[in-house]
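Student: need a structure here:
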Amino acid sequence: MSWGIGLIIAGLLLFGIFLYNRFVTLRNQTLAAWSDIDVQLKRRHDLIPKLIDAVKQYAAYEQSTLEAVTELRSQSERLNDPEDKGRLESLLGAQVQKLIALAEDYPELKANRSFLSLQQDISQVEHDLQHARRYYNGSVRMLNTRVDSFPDLLIARFFGFRHAEYFQLDEDS
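Tutor: As a prediction, the model looks like this:
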């Protein structure tokens, strides 16, 4: 009888260790995925001053747009919360697209090689950012599902594993 109880306790202990290690893996995967998003946002933020300088040379009267982009960039750099950062980055993306659209009104800007190169770089960063966002949100979904699933939720609550927040961007940005 004691052998049976000992095996059951050992089995439950091993199962608990297995679940705990899965949570650690999912948490680390989510943190790594957030780091990928952060890298893409930094790349975007590094390109913005160059874009502003290029547009400023040709479109001096678009000062309000240039200031809005600069302010949104600066606010976003101070945020860490995925939900707040996503909301602000959506606004920033819309303003950056507005800057790029100015090229239609300025043929000499549209023909400028530096501007065209920046436009391609920003387009690539936006593509990479969307890919990183999808990967991160997939990691968050897996973690959150395990936090809510039985018997995993017992381990999650005991060891303090929590839901992670999704990173949402407006698809138009």
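Student: Can you tell me the centre-most residue of the chain?
Tutor: The centroid of the chain falls nearest to residue 37 when counting by C-alpha atoms, centre = their mean (3.8 Å).
Student: now for the lowest-mean-pLDDT helix or strand in the chain, which elements pack on it?
Tutor: One helix or strand of the chain scores below all others by mean pLDDT, DSSP states H and E: helix 107-110, with a mean of 77. Helix 107-110 sits against helix 2-58, with contacts defined as 3 or more C-beta pairs under 8 Å, 6 or more residues apart in numbering; DSSP states H and E. For glycine as for every other residue, the C-beta is placed from the backbone atoms N, C-alpha and C.
Student: For the helix it packs on, give the mean pLDDT please.
Tutor: Across helix 2-58, pLDDT averages out at 92.
Student: ok and the helix or strand following it relative to helix 2-58, angle-wise?
Tutor: Next along the chain after helix 2-58, taking DSSP states H and E as the criterion, comes helix 63-77. Using axes from the mean of the first three to the mean of the last three C-alpha atoms, to 10 degrees, the direction of helix 63-77 lies 160 degrees away from that of helix 2-58.
Student: Could I have the CA atoms of the very next helix or strand once past helix 63-77 written out in PDB?
Tutor: Next in sequence after helix 63-77, counting helices and strands by DSSP H and E, comes helix 82-101. Presented in PDB, the C-alpha positions along helix 82-101 are these (Å, rounded to 0.1, in the frame of the first residue of the first chain):
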ATOM      1  CA  PRO A  82       2.300  46.300 -24.600                       C
ATOM      2  CA  GLU A  83      -1.300  47.600 -24.700                       C
ATOM      3  CA  ASP A  84      -0.300  51.300 -24.200                       C
ATOM      4  CA  LYS A  85       2.700  51.000 -26.500                       C
ATOM      5  CA  GLY A  86       0.600  49.300 -29.200                       C
ATOM      6  CA  ARG A  87      -2.000  52.200 -29.100                       C
ATOM      7  CA  LEU A  88       0.800  54.800 -29.300                       C
ATOM      8  CA  GLU A  89       2.700  52.900 -32.000                       C
ATOM      9  CA  SER A  90      -0.500  52.700 -34.100                       C
ATOM     10  CA  LEU A  91      -0.700  56.500 -34.000                       C
ATOM     11  CA  LEU A  92       3.000  56.800 -34.800                       C
ATOM     12  CA  GLY A  93       2.700  54.500 -37.700                       C
ATOM     13  CA  ALA A  94      -0.200  56.500 -39.100                       C
ATOM     14  CA  GLN A  95       1.800  59.700 -38.800                       C
ATOM     15  CA  VAL A  96       4.800  58.100 -40.500                       C
ATOM     16  CA  GLN A  97       2.600  57.000 -43.300                       C
ATOM     17  CA  LYS A  98       1.300  60.500 -43.600                       C
ATOM     18  CA  LEU A  99       4.900  61.700 -43.900                       C
ATOM     19  CA  ILE A 100       5.600  59.200 -46.600                       C
ATOM     20  CA  ALA A 101       2.500  60.200 -48.400                       C
END
